[in-house]
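**Student:** curious how this folds, go ahead:
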Amino acid sequence: MQRIVQYTIDSRDIVRRIVAMIIMINSSIAIAAEPDHLRARDLGIPFDGTPGQWNAITDVEGVLVGHATVCKHDGRNAARTGVTAVLPNRGIEDVYAAVFRHNGNGEMTGTHVIENTGYLASPVLLTNTISVGTVHEAAVKWSLKTKHVQTVNIPVVAETWDGDLNDIYGFHVKQSHVFAALNGASSGCFSEGNVGGGTGMIAHGFKGGIGTSSRRLPKRAGGFVVGVLVQANHGDRKDFRVAGIPVGRKIKGLKHQTKSRDKEEGSIIVVVATDAPLLPHQLKSVAKRPAMGLARNGSFTATSSGDLFIAFSTVGADASQEPLENRALDKVFRATVQATEEAIINAMIAAETMTGISGNKVYALPHEQLQDILRRHRRLSERDSKD
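**Tutor:** Numbering: from 1, shown residues only. This next block holds a predicted model:
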């Protein structure tokens, strides 16, 4: 399958090329950075599979991530929200993609176009439930300013509810925040936890948010990379598992102080990227696999949950590469499950205790308690632990 797109070299195209060059320069600068927060492996938590250089979705060549975090005010007007942007192929090329609705009590715009065409022609933006409209409009305006204008411009904007910590009806996410997330997107490592769209999110009864991880396939399997980014706002504490251990039931104290979230509810958005040459129907199969990563951590996906997944290949639309054979997909599936499991834990490890609207307080996952529990069950890798 080949797609032919005609471009007119005009002022808009020149602007697009200049922006692409700026993004590439910023990307090279970002590579020199180091993570500014602890991650699951730093605590000695064991995971299957081999991560990429950054253990992040940005290990997939050309994928950029940016955040805009809105954290201001206290009391009834507390803003604890933001926007996270994922740009495939530096945001300047369409890619093959597919989506999967594991449970549909949520929103992800642009999915019908992806289902119909097999292409993702926009960044993927994550925010809170009420800000979808604002982010959608801003994404269109950003596209008009920075890249070729398409006949139909339908951005992908996904959401989870942060109303337990954020004054969600205060409409605190503005166009400027969307532009900041998109224009500031870079490669390399990036912040996790209470940042961007994940700022006010809760996962398994503890503070959640943005998390990421990646897996590199063996050379004999092509050496491809699979990267995952999650906006984790789901799960029940009593079901929460790490490395197979039901840690949620064993952690003492630290009960969140909100009027809801005493049961499995909330949502999670999962973005899967890979440089494996996959066609849309193959990516559809990949897009189903994050559900198994959620299950490893104890989620069963409740009726009220919006668990929406999108997967794309950064090289799938390159006609010069032969698509991966279906029989080779198993390693991609395994990598997706593994990276999803770790990305969720990374989000919770990086997240910090937060007090939000009306004094609602959600505690961070306690690192020392978690390590002690895993150590007692002989599931802690002391070699990797940074106590």
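
**Student:** quick one: the strands in the stretch 51-200 of the chain, in order.
**Tutor:** Applying DSSP state E, counting those that start in this stretch to the stretch 51-200 of the chain gives strands spanning 64-72, 79-87, 95-104, 119-120, 124-128, 156-160.

**Student:** what does the fifth one rub up against?
**Tutor:** Strand 124-128 has contacts (CB atoms under 8 Å, 6 or more residues apart in numbering) with 81-86, 88, 135, 139, 155-163, 166, 168, 173, 178, 181-182, 196-198, 200, 210, 231, 269, 271, 310. Quick note: C-beta positions are derived from backbone N, CA and C, even for glycine.

**Student:** most neighbours per residue, which of the strands of the stretch 51-200 of the chain?
**Tutor:** Neighbour counts (mean count of other CB atoms under 10 Å) averaged over each of the strands of the stretch 51-200 of the chain peak at strand 124-128, with a mean of 29.

**Student:** got the phi/psi numbers for Lys219?
**Tutor:** phi -60, psi -40 (degrees, to the nearest 10).

**Student:** could you check how many residues crowd around it?
**Tutor:** Using other CB atoms under 10 Å, Lys219 has 8 neighbouring residues.

**Student:** just the pLDDT for it.
**Tutor:** Lys219 is assigned 94 on the pLDDT scale.

**Student:** how near is it to Thr50?
**Tutor:** Lys219 is 11 Å from Thr50, where distance means CB to CB, to the nearest Å.

**Student:** what of Trp161?
**Tutor:** Distance, Trp161 to Thr50, using CB to CB: 35 Å.

**Student:** more neighbours: the two, which one.
**Tutor:** Counted by other CB under 10 Å, Trp161 and Thr50 do not tie: Trp161 has more neighbours, with 22 against 13.

**Student:** hang on, the earlier thing: got JSON lines for the strands of the stretch 51-200 of the chain, with distance to Gly306 and mean pLDDT too?
**Tutor:** What follows is the strands of the stretch 51-200 of the chain, written out as JSON lines (distance: least, CB to CB, whole Å; pLDDT from 0 to 100):
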{"stretch": "strand 64-72", "distance to Gly306": "21", "mean pLDDT": "97"}
{"stretch": "strand 79-87", "distance to Gly306": "16", "mean pLDDT": "98"}
{"stretch": "strand 95-104", "distance to Gly306": "6", "mean pLDDT": "95"}
{"stretch": "strand 119-120", "distance to Gly306": "20", "mean pLDDT": "94"}
{"stretch": "strand 124-128", "distance to Gly306": "12", "mean pLDDT": "98"}
{"stretch": "strand 156-160", "distance to Gly306": "7", "mean pLDDT": "98"}
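
**Student:** regarding the protein, what is its longest helix?
**Tutor:** Looking across the chain with DSSP state H, the single longest helix is helix 329-350.

**Student:** the helix or strand following that helix pairs with which strands, parallel or anti?
**Tutor:** On the C-terminal side of helix 329-350, the closest following helix or strand by DSSP states H and E is strand 354-355. Strand pairing for strand 354-355, using DSSP bridges, gives strand 361-362 (antiparallel).

**Student:** can you give me the buried ones in the helix or strand just after the strand it pairs with?
**Tutor:** Downstream of strand 361-362, the next assigned helix or strand under DSSP H and E is helix 367-376. Residues Leu370, Gln371, Ile373, Leu374 are the ones in helix 367-376 that count as buried (16 or more other CB atoms under 10 Å).

**Student:** is it correct that the third one is in contact with Arg249?
**Tutor:** So the one you mean is Ile373. No: using CB atoms under 8 Å, Ile373 is not in contact with Arg249, being 9.8 Å away.

**Student:** buried ones in stretch 283-300?
**Tutor:** Across stretch 283-300, burial judged by 16+ other CB under 10 Å covers 283-291, 293-299.

**Student:** let me know the closest of those residues to Ser131.
**Tutor:** Pro290 (23.1 Å; CB to CB).

**Student:** which residues sit in contact with the closest one?
**Tutor:** Contacts of Pro290 (CB under 8 Å, 6+ apart): His102, Val228, Val230, Val270, Val272, Phe309, Thr336, Val337, Thr340.

**Student:** try 6 Å this time
**Tutor:** Residues in contact with Pro290, defined by CB atoms under 6 Å, 6 or more residues apart in numbering, are Val270, Phe309, Thr340.

**Student:** repeat that for Gln369.
**Tutor:** For Gln369, the contacting residues are Ile251, by CB under 6 Å, 6+ apart.

**Student:** any regions of the stretch 251-387 of the chain where pLDDT drops low?
**Tutor:** Scanning the stretch 251-387 of the chain for pLDDT under 70 picks out 257, 259-265, 316-320, 383-387.

**Student:** again, 50 this time
**Tutor:** 387 (pLDDT under 50).

**Student:** how about stretch 191-203: buried residues?
**Tutor:** Those would be 191-203, for stretch 191-203 by 16+ other CB under 10 Å.

**Student:** could you check how many residues crowd around Arg76?
**Tutor:** For Arg76, the neighbour count with other CB under 10 Å is 10.

**Student:** excluding residues flanking it in the chain, which one is nearest it?
**Tutor:** Of all residues not flanking Arg76 in the chain, Ser358 sits nearest, at 5.8 Å (CB to CB, 6 or more residues apart in numbering).
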